[in-house]
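Undergrad: curious how this folds, go ahead:
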Amino acid sequence: MCFSMLDDETSHSYDGEVLTKRGCISAVNIGDMVYHHGDRWSAEEISLFLKNQKSEEVEMESMKLLDTNCQWVQERRVLKTVHSMFVDSFIKEDMLQIALEASFKGRLLKIFPSAAVCNSLLQALLRSNQPDLAWEFLEEMQSQGIGKNASVISLFINDYCVKGDIRSAWKLVTEMKNYGIKADVLCRDRDMSIASKYFLEMPEVGLRPDCYNYTTMIRGYCKAGDTKRALQYLGKMLKSGNRPSTTTYAVLIDVNCQIEDMGMAEHMFQILIKDGLLPDVVICNTLMHAYGKKGCLHKVFKLLGLMTTVNISPDIITYNTIIHSLMRNGLMTEARDILDELVQRGFSPDVVTFTSVIGGFSKRGNFVEAFLMWSSMNKVAVQPDIITCSALLSGYCRARRMEEANALFRRMLDAGLRPDLILYNTLIHGFCKIGCVEDACYLVNLMVQGDIYPNNVTRRALVLGFEKRRFRNPAETADSKLQEILEKNGIYIGVDAYLSM
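TA: You can find the predicted model right below:
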């Protein structure tokens, strides 16, 4: 006999496991809960049951229940899920002491609640003003392999802030760097006013902001799109005697590249060098990407040379960026040569590298070179993905070579790749552009059968197709055809209402 808490009506997910409910329940006590015809229980049903029990009964019997069922459940995965559901039910009923005991008791069986349930328990403990128990439970979480992360630490930081304990809050923010966590929990939702307030109060509670704290504020303002304020904090940082780190400059270079202020991005890069700091591969890749977008290929290769000089090893993102920049600027042969060189040097180009080159060749109608690149993927054991297929299909559709596009589409389906809406719309538009509305409608029907539903792009393509066929009212005909396809697949809703969803 195997016990778990499930019935047919709904499903619940704990620790990534989805459990399907079966049966129904009318329990009176915990004994009935275990032996009630072997039926399975949901978290809500346990919660409803607990509401009707005296807390003393629950305290004694729930632990017995957990022990008993542990004998029945053989699979560790199911046992862990059941255990998480138990603990979660106690949390929902505000029975936090029992939830803690049930969590710790799981250690005997080498199980522990899921990370989501643990976070719920921490939040409940802090909300009920039991921070010591919350810290104790956090230590237990760590011993069970559930590491500290931003969402967990932010619970404690927010608790300190609510209580006005700014010193402890910032101290904890500063300690986050020891765990490799970005300390932007006070800078969420693009609202920096609260973070700024707490930052300015740091000296009042005896804390001296360091480089890490300043960089946190700079990153927050950059994310909020306020580069002027970010630079002001850089000025405050320098005046305070704190030396910016490579990370500080990386944040500022990145935001200026995003807003295409390359003058300021280069200025920050030069200051970084003058300060005796070495740029890392991330900073170089960021600058290269921005230069490539602007067509400044000489700066891309100058930066690559600098990386070699200061012993910064280019990674696959570096080469992808260079190849993409060359393709963007029409230098197809050079991009292919770099890809060939990568393979010869034993580098492992990824699917992004090949897709960039294949897309570049197919855009320009050079399908021979595009297919050579496609074939060379097999030689280095890189499998084309849906984006690679889309890149080649787009080229065929642009060149009105729909037979080849359709053949590639069939090969893609045979290979087990699942088309997405963008790929379907590309093909549908390609067929409609040459007036092959029947083929386009066949594809619309195929996509709906695969639970991918048409949108306004699909509709506009069909209107174009019926225009090419010189229908008197192409828009009405397209809507009528879409309606017919939807109803054929069991979707009874007006086209306008459907497309506006």
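Undergrad: in three-state terms, label residue 311 for me.
TA: Put simply, residue 311 is coil when judged by DSSP: H, G, I helix; E, B strand; the rest coil.
Undergrad: per-residue pLDDT, residue 6?
TA: Looking at residue 6, its pLDDT is 29.
Undergrad: likewise for the one 3 residues further on?
TA: Confidence per residue is given as pLDDT, and for residue 9 that number is 36.
Undergrad: strands along this structure, start to end?
TA: Assigned strands in the chain, in chain order: 11-14, 17-20 (criterion: DSSP state E).
Undergrad: what mean pLDDT would you report for the last one?
TA: The reference is to strand 17-20. Mean pLDDT, computed over strand 17-20, is 37.
Undergrad: do stretch 121-133 as well
TA: Mean pLDDT, stretch 121-133: 83.
Undergrad: tell me the buried residues in that stretch?
TA: Residues 121-126, 130-131, 133 are the ones in stretch 121-133 that count as buried (16 or more other C-beta atoms under 10 Å). For the C-beta atoms, the positions are set from N, CA and C on the backbone; glycine is no exception.
Undergrad: repeat for stretch 304-321
TA: For stretch 304-321, the neighbour count (16+ other C-beta under 10 Å) marks 304, 307, 312, 314, 317-321 as buried.
Undergrad: give me the distance from that stretch to the chain's centre.
TA: 27 Å (C-alpha atoms, centre = their mean, to the nearest Å).
Undergrad: can you tell me the distance between the two ends of it?
TA: This stretch, stretch 304-321, spans 11 Å end to end (C-alpha to C-alpha, to the nearest Å).
Undergrad: who's in contact with the residue nearest to residue 324 when sequence neighbours are not counted?
TA: Setting aside the residues directly before and after it, residue 324 is nearest to residue 356 in space (C-beta to C-beta, 6 or more residues apart in numbering), at 4.8 Å. Neighbouring residues of residue 356 by C-beta atoms under 8 Å, 6 or more residues apart in numbering: 320, 323-324, 327, 335.
Undergrad: cutoff 6 Å now
TA: Residues counted as contacts of residue 356 (C-beta atoms under 6 Å, 6 or more residues apart in numbering) are 323-324, 327.
Undergrad: for residue 397, which non-adjacent residue is spatially closest?
TA: Per C-beta to C-beta, 6+ apart, closest to residue 397 is residue 430, 3.1 Å.
Undergrad: isn't that neighbour up against residue 398?
TA: No - with contacts counted by C-beta atoms under 6 Å, residue 430 stays clear of residue 398, the gap being 7.9 Å.
Undergrad: looking at the two, which one has more neighbours?
TA: Using other C-beta atoms under 10 Å, the more surrounded residue of residue 430 and residue 398 is residue 430, with 25 against 17.
Undergrad: distance of residue 256 relative to residue 225?
TA: Computed as C-beta to C-beta, to the nearest Å, the residue 256 to residue 225 distance reads 12 Å.
Undergrad: what does residue 476 give?
TA: 44 Å.
Undergrad: then residue 248?
TA: Taking C-beta to C-beta, one finds residue 248 at 18 Å from residue 225.
Undergrad: those two: which is more packed in?
TA: Remark: of residue 248 and residue 225, residue 248 carries more neighbours, 25 against 13, as counted by other C-beta under 10 Å.
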